[in-house]
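S.K.: The sequence and its predicted three-dimensional model are supplied below.
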Amino acid sequence: MSCPSVLSRFLAADSGAVTVDWTVLTAALAGLGIASAVLVSGGVEDLSHEIAGTSTSSGLLRTGFGPVLGNGSFENIEGFLRAGWGFYSYNATMQGWQEISDERFEVVMSGYSGVTAADGDYMLDMDASPGNLRIGQTLTDVRAGSEYTVSFAAADPQGGANGNGVNVWFGGELVGTVTPGSARMQDYSFTLTGGAGDGSNRLEFEGLGREDNVGAYLDNIVVE
């Protein structure tokens with residue numbers, strides 16, 4: 001057997017082995033990349049679902065990167081007692097809110113007294129039994145000096161007969177007053193400045209009008 005023939009077969013065999021090795025290695029790397037992508041993708045998706053679930057279950061509402069407002073549509077009524085017109089609680093707190101005047105929370109169902117909720121199934125009556133409410137919560141993630149907009153809907157089931165309305169306070173300062181004068185929900189908005197007033201970033205709503213167990217209905221509070 002000649003030397004060239006042996007060398008030719010060796011080179012052919014060696015180059016073939018190298019080709020096979022590179023093919024196997026490339027396939028392994030590609031498989032590892034796909035597996036890593038699937039693992040990361042699945043983890044990110046699970047995390048996003050966890051975050052979304054936590055936000056909704058806690059009653060917190062975040063719009064973009066603005067402040068966090070809890071239970072702005074008064075849909076979380078856990079622990080409330082049932083009544084023919086809606087739900088009530090003798091406790092001066094509900095999810096996200098504190099009742100400063102120590103009145104009870106009364107949440108009426110959409111359609112009651114001819115008023116349709118602006119968002120969800122319930123609205124807060126700002127004149128509970130036996131007096132006007134003043135509710136509040138401290139906003140989180142507020143940047144000092146930045147301007148935000150608080151928007152909400154309000155209606156007067158008595159059609160303005162008894163002056164039902166709402167004062168809006170922020171940081172201990174009055175930022176606006178609304179008197180709907182109609183049983184149809186109307187939208188309102190005011191500008192808030194982070195750190196204004198006493199710097200507490202506390203948002204409050206105060207019921208106005210004759211204290212006769214029926215006040216302005218408040219709903220769909222959003223800060224962005």
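M.R.: Okay, I see it.
S.K.: So what pairs up with residue 149 in the strands?
M.R.: residue 191 (DSSP bridges).
S.K.: That one: how many residues sit nearby?
M.R.: Neighbour count of residue 149, defined by other C-beta atoms under 10 Å: 13. Where you see a C-beta, it was placed from the backbone N, CA and C, and this is true even at glycine.
S.K.: cool, and residue 123?
M.R.: Neighbour number of residue 123 under other C-beta under 10 Å is 32.
S.K.: May I have the residues that are in contact with it?
M.R.: 74, 107-108, 110, 112, 115, 117, 155, 217-219 (C-beta atoms under 8 Å, 6 or more residues apart in numbering).
S.K.: Check which helix or strand it maps to.
M.R.: Under the criterion of DSSP states H and E, residue 123 resides in strand 122-125.
S.K.: Send me stretch 143-153 as PDB with only the CA atoms.
M.R.: Extracted C-alpha coordinates of stretch 143-153, given in PDB (Å, rounded to 0.1, in the frame of the first residue of the first chain):
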ATOM      1  CA  ARG A 143     -42.500  62.900  43.500                       C
ATOM      2  CA  ALA A 144     -42.200  66.300  45.200                       C
ATOM      3  CA  GLY A 145     -42.900  69.100  42.800                       C
ATOM      4  CA  SER A 146     -44.400  66.900  40.100                       C
ATOM      5  CA  GLU A 147     -47.900  67.700  38.900                       C
ATOM      6  CA  TYR A 148     -50.600  65.000  38.800                       C
ATOM      7  CA  THR A 149     -54.300  64.900  37.900                       C
ATOM      8  CA  VAL A 150     -57.000  63.500  40.200                       C
ATOM      9  CA  SER A 151     -60.200  62.700  38.300                       C
ATOM     10  CA  PHE A 152     -63.400  61.200  39.600                       C
ATOM     11  CA  ALA A 153     -67.100  61.000  38.900                       C
END
